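Asks: Got a sequence here, can you build the structure:
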Amino acid sequence: MGKYFEDFEVGQETLTAGRTITEADIVNFAGITGDWNEIHTNKELAERGPFGQRIAHGALIFSISTGLSVRLGLTYDTIIAFYGLDRLRFVKPTFIGDTILVRTEVKEKTERDQSSGIITTLNEVINQRNEVVVSYIAKSLIKRRA
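Replies: Numbers count the residues shown, from 1 in each chain. Coordinates of the predicted model:
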């Protein structure tokens, strides 16, 4: 069972498991979204570009980060909704073969009503070099204890 609104504490930090980004991830994401931008899918063009190689879609890395966070189980059966997203930044590129994980810190708790509250977290996606590649503030609507 996940944590209820009351169980979260401001300052609480968590760290997810890691996940390595593959070429298949990029191709599948391009296929699902229709974003075939060549910086992601054309090896020759990307090698001549500013990063020297293909990069993962920023939206792909953000999406994977949400999945890594869910795997922690902190909101299993207690989340009502993903309530919002603020200040999403793609700070550094993520390359094929990079391994990412997510560091999360609870920044704020806001009571909403008798049955729910909003948990605000700072989420930083970090690569194997301990560099932040994506940063965002997430808000989750969480059940309160009965």
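
Asks: Now do the strands in this structure.
Replies: Using DSSP state E, the strands of the chain run over residues 13-15, 19-20, 79-90, 99-111, 116-127, 132-143.

Asks: and the fourth one, which strands flank it?
Replies: In other words, strand 99-111. Using DSSP bridges, strand 99-111 pairs in its sheet with strand 13-15 (antiparallel), strand 19-20 (antiparallel), strand 116-127 (antiparallel).

Asks: Tell me which of the strands of the chain sits nearest to residue 72.
Replies: Residue 72 sits nearest to strand 13-15 of all the strands of the chain, at 5.9 Å, using CB to CB. For glycine as for every other residue, the C-beta is placed from the backbone atoms N, C-alpha and C.

Asks: Closest to the centroid, which residue in this protein?
Replies: residue 65 (2.7 Å; CA atoms, centre = their mean).

Asks: my guess is that one contacts residue 102, does it?
Replies: Yes. Between residue 65 and residue 102 there is a contact under CB atoms under 8 Å: 4.8 Å.

Asks: what sits against the closest residue to residue 115 other than its chain neighbours?
Replies: Excluding its sequence neighbours, the residue lying closest to residue 115 (CB to CB, 6 or more residues apart in numbering) is residue 144, at 5.7 Å. Residue 144 sits next to 4-6, 114-117 when contact means CB atoms under 8 Å, 6 or more residues apart in numbering.
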